[in-house]
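Visitor: Just the structure for this:
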Amino acid sequence: PTEIAVATIDGQPVRTIVDRPLADDLPVDFDATVKGPREVEWRADAPATLAWAEALDGGDPKAKVPFHDRVVMQAAPFTAPPVELAKTQSRFAEVMWGDGGFALIGDREWKT
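Guide: Alright, predicted model coming up:
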């Protein structure tokens, strides 16, 4: 099970990003992943803004889809819907933040 949440410095809950049960239904394959948000991180170039990846293929890398993942962001106070930043043809790997107008997004494919 995984819970990823934002809290104030004194521990008061602000927003739950994901509260996922045990991921025991993953496809048995390279690049299989969980459904919902993963790889949650604070943006290095924006104040109080989170970014994360989500599978567009239900976590199944064998699914025939044009994009397997998407990267979204959400700024504090975390009440507006997340904004899509990019989609990746393979599995999302990382973001290297630039200066608010630029970022490098890497994707990967373990099988090949």
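Visitor: Nearest residue to Q74 in space, ignoring adjacent ones along the chain?
Guide: P82 (4.4 Å; Cβ to Cβ, 6 or more residues apart in numbering). Where you see a C-beta, it was placed from the backbone N, CA and C, and this is true even at glycine.
Visitor: what sits against that neighbour?
Guide: If a contact means Cβ atoms under 8 Å, 6 or more residues apart in numbering, then P82 has V72, M73, Q74 as its contacts.
Visitor: are any of these buried, and which?
Guide: V72, M73, Q74 (16 or more other Cβ atoms under 10 Å).
Visitor: Is the most centrally placed residue in the chain bridged to anything, and to what?
Guide: In the chain, the centroid-proximal residue (Cα atoms, centre = their mean) is A53; its distance is 1.9 Å. Beta-bridge partners recorded for A53 (DSSP bridges): R38, V71.
Visitor: does it really touch F92, like I thought?
Guide: Yes. If you go by Cβ atoms under 8 Å, A53 and F92 touch, sitting 3.8 Å apart.
Visitor: Spell out which residues are contacts of both of the two.
Guide: Shared contacts of A53 and F92, counting by Cβ under 8 Å, 6+ apart, come down to E39, D69, R70, V71.
Visitor: Could you tell me how many residues sit around D99?
Guide: Around D99 there are 9 other residues, counting by other Cβ atoms under 10 Å.
Visitor: Just read off the phi/psi values of it.
Guide: phi -120, psi 30 (degrees, to the nearest 10).
Visitor: which residues does the closest residue to D29 other than its chain neighbours contact?
Guide: In this structure, D29 finds its nearest non-sequential neighbour in P61, 5.6 Å apart by Cβ to Cβ, 6+ apart. Residues near P61 by Cβ under 8 Å, 6+ apart: P27, D29, F30, D31, A32, T33, H68, R91, E109, K111.
Visitor: If we use 10 Å, what do you get?
Guide: 27, 29-33, 55, 68, 90-91, 109-111 (Cβ atoms under 10 Å, 6 or more residues apart in numbering).
Visitor: Roughly how far does it sit from P21?
Guide: 21 Å (Cβ to Cβ, to the nearest Å).
Visitor: again with R108
Guide: Distance, R108 to P21, using Cβ to Cβ: 26 Å.
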